[in-house]
Every structure is written in structure tokens, then in C-alpha cells.
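Student: no FASTA, just this:
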């Protein structure tokens, strides 16, 4: 069976669990602590030199890091990847947008404001205005798209929606106000209504 | 003909030109200035609400932003995309690694230290140690991989190599020392020897 090396509260790891569930791919989970340094041990770094989870372990011992690559691997050939070349390009566009323009602000604000040890937050909290300005800009880009589209790539739910759902649905933990983005809020409800949806907290 | 909205000295835009050249895709270029604000006008934001280049314009007026999505779109079905599902997953792994763990430090250091107006650098230069630490960490991850592999995905040159070449080959402009990474330096030479290679400065 595939093993997902993960942290339950990481949105990047949640994307992988949700994709596995919605592609009917059996996976086992290996949990890491948020502050235990277990992704930086020599043993872990031999598997992923970048020292991060999520990381997917194949049955034959190969390892695949990066949530975007993992969800694309799990979803290949399924309904979660659009058929047309253009729609697939748009899917990747939004997945790269998420990792470059959204996650570094929306997810990072959530981590530091809701999950980091209080004594470490002190050295970081001067960055909060930048996280919120750039995170709100990313949510604004999503809002603009969703005013005239139900989904991010083509006319159906895809891994682009999963990628953006991962940290958007819990953005209020980072101090964002989702009520300011009504089209985003409606899209969050559509995603949560998809067959096979599981919440971030769902146990395996 | 396809039109690439771009800045010549942007590594993200260079990746798109290099992919177009090596897939024999004719493109025209529309150049933007580094400091002219033309990617933030209402007219541009109607095309890409995220206000960035590169952006590919199709013949029918559709627009595709995000360098990773553009090079995947241009290379689809070519030798620059591996055949196997696993190799394609690795290709995406390194493309996401580049945008998340490499570009925000290696490219950003180059921009601020080599291209930004001096008076704006003052407010940013306290970040240089972080850019260099995290950028060197990313180069170290590449070095580890390249000690035992010629290419990033599978056994051949792919758009993962193009994605990582874009800002690695000019990293010394940002204060990085490529001589510290001998396997990376050898890989840079292999990439530059590929058929149809063009330099970042090459005019169209």
C-alpha cells in the first residue's frame, strides 16, 4: 500500500488525503509532529533532501515529495484531471498560483498565528501585515475567477480545486475573513459537497 | 501566432522562450519593463488578475499565466515531457520545488541585488542573509540529486531541467557561488549543450 508521510493539520498533506479518497486510492498514513524535527533527521533527508512532508512512499520504496506532484500522480487518468490540453494547462496554472502566490501567505499566517509556539511568534509577527495583504490579494484573484466560473480548470471539479481548497477553507485560522469573498465562500461549499469529500480533521 | 507577454531578463520568462525554441513553437514576444507598472494596469489585470508575466496569449485571445503551466502546455506531447507516470510525477515535483523552495530566494536575491533601483534595495537588504541561506539550501538539494543523476526527471532532459535552469544559471548575479556546487555546475553545462538551446540574452 502507498504510505503518505504527513502531518494531519498541514493543508498540503490534506490535499493528498482528499485526492487519495476521491480517487479510491488506499493509503496508509505515517504521522510527523509539527515541532519534533523528524523531517530533518539524516534518515528522513535520505528520502527527501528538502526535508518536508507530504511525501508519498511507493510500495517499492521510491519517494515522491511536493503536494502538487503527489496529487497529480494520484489523480492521473481520473476525472480529477481534465481531458483537454487547455484545461490541464489551467489546472497547472492554478496549482502553481497556489504554491507561489497563496500558500506562502495564507498557510504561513495560519501556521504562525494558530500553531507556532507563542515564544517563536514574537520574532515573526511583524510579518503579519504582509501575510494578510498578499494573502488577501490571492483570495481576491480567486474571487475574480469564481465570479464567473464554478471551478478553476474547465467545467468540472479537479485537483486545482483541491490544491486551492487545502488552505483556503481554513484561512480564518490565519486571520483572514472569508465573508469578504462571497464567490470563494460559495465555491468552498461546492467543494465540500463533492462525492467522497473528507474534512481535514477526518481520521483514517 | 502565440504571443508571450514577458520581460527579457526574467528567468520565468526565459524558461518559456527556451521551451518554445526547443519544441519548435513559433512565438512572438511582447516586452514589458521591469519598473513600468504595465502588468498592474486595469487592461493587463483583465487578462491576468495576478498581474504578472510571463503570460501566454493564444491565437483566439485566451491567456495562460504561470511559467510552469506555460512550459507544460508548450511541451505537451514532446520529448521534453517524460513518457512514464512516475517520471512525469518527478518532473512536476522539481517544478513545484523550483517555484516554492528555489525561485523565492535565488531569483529574488538576483532581482533585488542586481536589478532593483538602489534606493529601493535599502529597505530590503536586511533580507539578503535569508535569501542566501535558503537559496543555498535549494542549490544543495539540487547538488544532492545531481551527484547521482544527469537530469531531474527520468533519464532525459525535460521541462524540469528548463524550470531549474532559468534562475540557477544566473544565480551568481544574486550573490550565489556556483563553484560550491560542482554537480550543479556540470548539469548547467549539459543543459547549455542541448539541441536548440538559446541563452537568456538571445534576441528573437
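Tutor: Okay, I see it. Since the model is a prediction, treat every value here as computed from it, not as a measurement. Numbers count the residues shown, from 1 in each chain, chains lettered A, B, ... in the order given.
Student: what comes into contact with the helix or strand of chain A with the lowest mean pLDDT?
Tutor: Within chain A, confidence by mean pLDDT, DSSP states H and E is lowest for helix A:118-121 among all helices and strands, at a mean of 89. Under the contact criterion C-beta atoms under 8 Å, 6 or more residues apart in numbering or on different chains, helix A:118-121 has outside partners A:112, A:113. Backbone N, C-alpha and C define where each C-beta goes, glycine included.
Student: Next secondary structure after it?
Tutor: Where DSSP states H and E defines the elements, the next helix or strand beyond helix A:118-121 is helix A:128-146.
Student: How much space separates residue A:167 from residue A:125?
Tutor: Using C-beta to C-beta, to the nearest Å, residue A:167 is found at 19 Å from residue A:125.
Student: neighbour count winner among the two?
Tutor: Using other C-beta atoms under 10 Å in any protein chain shown, the more surrounded residue of residue A:167 and residue A:125 is residue A:167, with 29 against 13.
Student: Please name the nearest non-neighbouring residue to that one.
Tutor: residue A:11 (3.9 Å; C-beta to C-beta, 6 or more residues apart in numbering or on different chains).
Student: so that neighbour makes contact with residue A:171?
Tutor: No - assessed by C-beta atoms under 8 Å, residue A:11 is found out of contact with residue A:171, at 9.5 Å.
Student: which residues do the two both contact?
Tutor: When C-beta under 8 Å, 6+ apart defines a contact, the residues bordering residue A:11 and residue A:171 alike are residue A:110.
Student: is it true that residue A:109 touches residue A:131?
Tutor: Yes - contact criterion C-beta under 8 Å: residue A:109 and residue A:131 qualify, at 3.9 Å.
Student: list residues touching both of those two?
Tutor: Shared contacts of residue A:109 and residue A:131, defined by C-beta under 8 Å, 6+ apart, comprise residue A:174.
Student: Specify the angle between the helix or strand hosting residue A:94 and helix A:128-146 in degrees.
Tutor: Using DSSP H and E, residue A:94 falls within helix A:85-97. Interaxial angle, helix A:85-97 versus helix A:128-146 (axes from the mean of the first three to the mean of the last three C-alpha atoms, to 10 degrees): 170 degrees.
Student: Against which helices or strands is the following helix or strand past helix A:85-97 packed?
Tutor: Note on helix A:85-97: by DSSP H and E, the next helix or strand toward the C-terminus is helix A:103-110. Based on contacts counted as 3 or more C-beta pairs under 8 Å, 6 or more residues apart in numbering or on different chains; DSSP states H and E, the elements that helix A:103-110 packs against are helix A:11-22, helix A:128-146, helix A:159-168.
Student: Report the mean confidence score over the longest one.
Tutor: Right, helix A:128-146. Helix A:128-146 carries an average pLDDT of 98.
Student: again, but for stretch A:174-182
Tutor: What stretch A:174-182 shows for mean pLDDT is 98.
Student: Just the buried positions in it, please.
Tutor: Within stretch A:174-182, the residues that count as buried by 16 or more other C-beta atoms under 10 Å in any protein chain shown are A:174, A:175, A:176, A:181.
Student: and what of stretch A:84-99?
Tutor: By 16+ other C-beta under 10 Å, the buried positions in stretch A:84-99 come out as A:87-99.
Student: And the contacts of that stretch?
Tutor: If you take C-beta under 8 Å, 6+ apart as the criterion, stretch A:84-99 is touched by A:68, A:72, A:81-82, A:138, A:141, A:152-154, A:158-160, A:163-164, A:166-167, B:50, B:62, B:64-70, B:72-73, B:76, B:95-96, B:99-100.
Student: Go again with 6 Å.
Tutor: A:68, A:82, A:152-154, A:158, A:160, A:163-164, B:64, B:66, B:68-69, B:72-73, B:76, B:96, B:99-100 (C-beta atoms under 6 Å, 6 or more residues apart in numbering or on different chains).
Student: now the residues you listed: which count as buried?
Tutor: For the contacts of stretch A:84-99, a burial check counting by 16+ other C-beta under 10 Å picks out A:68, A:82, A:152-154, A:158, A:160, A:163-164, B:64, B:66, B:68-69, B:72-73, B:96, B:99-100.
Student: What residue spans form the domains of chain A?
Tutor: Following automatic domain parsing, chain A resolves into domains at A:2-75, A:85-192.
Student: any chance of those in JSON lines, plus distance to residue B:203?
Tutor: Shown next, in JSON lines, are the domains of chain A (distance: least, C-beta to C-beta, whole Å):
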{"stretch": "domain A:2-75", "distance to residue B:203": "34"}
{"stretch": "domain A:85-192", "distance to residue B:203": "27"}
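Student: Contact residues of chain A facing chain B?
Tutor: For chain A, the residues in contact with chain B (C-beta under 6 Å from any C-beta of the partner chain) are A:49-50, A:64, A:66, A:68-69, A:72-73, A:76, A:85, A:89, A:92-93, A:96, A:99-100, A:141, A:144.
Student: ok, now with 7 Å
Tutor: A:49-50, A:64-66, A:68-69, A:72-73, A:76, A:85, A:89, A:92-93, A:96-97, A:99-101, A:141, A:144 (C-beta under 7 Å from any C-beta of the partner chain).
Student: How about the contacts made by residue A:163?
Tutor: Residues in contact with residue A:163 (C-beta atoms under 7 Å, 6 or more residues apart in numbering or on different chains) are A:15, A:68, A:71, A:94, A:95, A:98.
Student: So residue A:47 is in contact with residue A:53, correct?
Tutor: No - counting by C-beta atoms under 7 Å, residue A:47 does not reach residue A:53; the two are 10.2 Å apart.
Student: more neighbours, the two?
Tutor: residue A:53 (22 against 16).
Student: tell me the secondary structure for residue A:30?
Tutor: Counting by DSSP: H, G, I helix; E, B strand; the rest coil, the backbone at residue A:30 sits in strand.
Student: Tell me the bridge partners for it.
Tutor: residue A:5 (DSSP bridges).
Student: For it, give its distance to chain B.
Tutor: Counting by C-beta to the nearest C-beta, to the nearest Å, the gap from residue A:30 to chain B is 19 Å.
Student: shouldn't that residue be in contact with residue A:7?
Tutor: No - using C-beta under 7 Å, residue A:30 makes no contact with residue A:7, being 10.2 Å away.
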